[in-house]
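Trainee: give me coordinates for this.
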Amino acid sequence: MGTAPASRDVTSYGMGLAAPLALFFLLFFVAPLLQLFWLSLHNDTAGLHWGLGQYLHFLTDPFSLSVLGSTLLLGAEVTAVCLVLGFPIAWLYQRVGPKLQTVIILIVLLPLLTSVVVRTFAWIVILGRQGIINATLQSLGIIDTPLKLLYTQFGVVIALAQVQMPLMTLPLITALGRIDPNLDDASCSLGAGSWRTFFRVVLPLSLPGVIAGCTLTYAAAITAFITQSLVGGGQMLFMPMYLYQQASTLQNWPFASAISIIFLLAVLAVVSVFTTLGRLSRGYGGA
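Mentor: From the prediction side, this is the model:
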């Protein structure tokens, strides 16, 4: 009976410590989100009529739906590229010595140590008509005229993949580091080849890291306003720029608010799918 007051004191102490964070969350996230939703219920910019007209306008407009679809597709492409390139890096990290591990982790973290604007402008220089890629290909005689790499889907995917690569690689490094190395030896001693060991042992046990990396990379890629705008240019339109145009250029705040809510729900839906897959993968990996 003496432990009950003590436990209540600990709970009260913990709630007191969490109160400033909860207040900050309510003021700077929940309140603006509610205001955004309230603003999206205005059918006109003057705020004289209420309803779901802005949402109906978006959901019945083929152009708006195409922008949403292209944005979600962009996130899937960037996530796939990061996974294909990040998994070998994480696998190599677990199989080299401490000195090479330091070098690899430095290379992985290097994009996080520089401004996203600087990295994006570097990709503009690399992908330009007179950039490094075109200059190298022309000097080797592979192409005669410069390729159009900038302001294309390919350029945006490559630039975003480099920018978001740490978000994929770091969870993979953590997941692969938790796998017992003796499992590989046991699989090989039982007659399984390298590829079979990878698909039957390594990959299932690393699925939690794969799902975590995909979730972080996808959410960051589809909301990367600066990289999408600068590398994609005016020829490509994604949801962040679409929202910016409606709010800043056209001053259509109700429609911009509706775009924000719809985009938020779409991102949450994708993240929920990844979260469900992550729970299933933990059960599968544990089995």
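Trainee: if I look at residue 278, how far off is residue 136?
Mentor: Taking C-beta to C-beta, to the nearest Å as the measure, residue 278 falls 40 Å from residue 136. Just so you know, the C-beta spots here come from the backbone N, C-alpha and C atoms, and that holds for glycine as well.
Trainee: which of those two has more neighbours?
Mentor: Between residue 278 and residue 136, residue 278 has the larger neighbour count (other C-beta atoms under 10 Å), namely 18 against 11.
Trainee: so the more buried one, which state does it fall into?
Mentor: Per DSSP: H, G, I helix; E, B strand; the rest coil, the secondary structure class of residue 278 is helix.
Trainee: right, and it touches residue 215 too?
Mentor: Yes. Between residue 278 and residue 215 there is a contact at 7.4 Å, judged by C-beta atoms under 8 Å.
Trainee: need the helix or strand of the protein with the lowest average pLDDT.
Mentor: Ranking every helix and strand in the chain by mean pLDDT, DSSP states H and E puts helix 3-25 at the bottom, with a mean of 70.
Trainee: helix or strand next in line after that helix, which one?
Mentor: For helix 3-25, the succeeding helix or strand toward the C-terminus, using DSSP states H and E, is helix 31-40.
Trainee: I'd like the next helix or strand past that next one.
Mentor: With DSSP H and E setting the assignment, the helix or strand that follows helix 31-40 is helix 53-59.
Trainee: neighbouring contacts of that next one?
Mentor: Residues from elsewhere that reach helix 53-59 (C-beta atoms under 8 Å, 6 or more residues apart in numbering): 40-43, 64-65, 254-255, 257-259, 261-262.
Trainee: if you count neighbours, what's buried in stretch 200-220?
Mentor: 201-202, 204-220 (16 or more other C-beta atoms under 10 Å).
Trainee: tell me where the stretch 101-250 of the chain has helices.
Mentor: Counting by DSSP state H, counting those that start in this stretch, the stretch 101-250 of the chain has these helices, from start to end: 116-127, 132-139, 153-177, 182-189, 194-197, 203-222, 225-232, 239-244.
Trainee: name the helices or strands packed onto the last one?
Mentor: Using 3 or more C-beta pairs under 8 Å, 6 or more residues apart in numbering; DSSP states H and E as the contact criterion, the elements in contact with helix 239-244 are helix 62-93, helix 225-232, helix 253-286.
Trainee: let me know the average pLDDT across it.
Mentor: Here helix 239-244 scores 92 as its mean pLDDT.
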